[in-house]
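Novice: Here you go, sequence then predicted model.
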Amino acid sequence: MTDGERDPGLQPERTRLAWRRTTLSCTVVAVLAGKAALHGGATPAGIVAVSLSVLAWLAFLRVAHRRVLGMGTARPQPLAPRGALTAAACTIALAVFAAAMIF
């Protein structure tokens, strides 16, 4: 293998698995947010928080799905800045919504 070539199998597979693990984590956060918001009864603030959490989760799910599909090629393209920004914003939003539901 020369310097310009790389193993097309392992690194993209690890990246795909990392995106799937992160998506699973976001799913757990969104489900727990819904459970916490509805535990004491459905308040308007709780419903808004759950709705925003679901929207953030769906946006992250879209970015992750596109990235996982993009990793299926022998030479995957780097993650676009827009996708990275969206993934980071969704992660931060889920954390903020979770913290808001605690208080």
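Specialist: Now that the structure is in, tell me what you want to look at.
Novice: And the next helix or strand past the strand or helix carrying Cys26?
Specialist: Element membership for Cys26, per DSSP states H and E: helix 10-39. Note on helix 10-39: by DSSP H and E, the next helix or strand toward the C-terminus is helix 44-70.
Novice: what angle separates that next one from helix 10-39?
Specialist: Relative orientation of helix 44-70 versus helix 10-39 (axes from the mean of the first three to the mean of the last three CA atoms, to 10 degrees): 170 degrees.
Novice: What is helix 44-70 packed up against?
Specialist: Under the contact criterion of 3 or more CB pairs under 8 Å, 6 or more residues apart in numbering; DSSP states H and E, helix 44-70 touches helix 10-39, helix 81-102. (Glycine included, C-beta is placed from N, CA and C.)
Novice: Report the rounded mean pLDDT for the helix holding Cys26.
Specialist: Helix 10-39 comes out with an average pLDDT of 84.
Novice: Now that helix: buried residues?
Specialist: For helix 10-39, a neighbour-count test (16 or more other CB atoms under 10 Å) marks Pro12, Thr15, Arg16, Trp19, Thr23, Cys26, Val29, Ala30, Ala33, Gly34, Ala36, Ala37 as buried.
Novice: So what touches stretch 55-75?
Specialist: 8, 12-13, 15-16, 19-20, 22-23, 26-27, 29-30, 76-77, 79, 83, 86-87, 89-91, 93-94, 97 (CB atoms under 8 Å, 6 or more residues apart in numbering).
Novice: now swap in stretch 12-26 and tell me
Specialist: With CB under 8 Å, 6+ apart, stretch 12-26 has contacts from 56-57, 60-61, 64, 67-68, 71-73, 76, 90-91, 94.
Novice: and these, which are buried?
Specialist: Ala56, Trp57, Phe60, Ala64, Arg67, Val68, Met71, Pro76, Cys90, Thr91, Leu94.
Novice: And those residues, which is closest to Val48?
Specialist: Ala56 (12.5 Å; CB to CB).
Novice: Can you tell me how far the closest one is from Ala87?
Specialist: The gap separating Ala56 from Ala87 is 10 Å, by CB to CB, to the nearest Å.
Novice: Many thanks, I have nothing further to ask.
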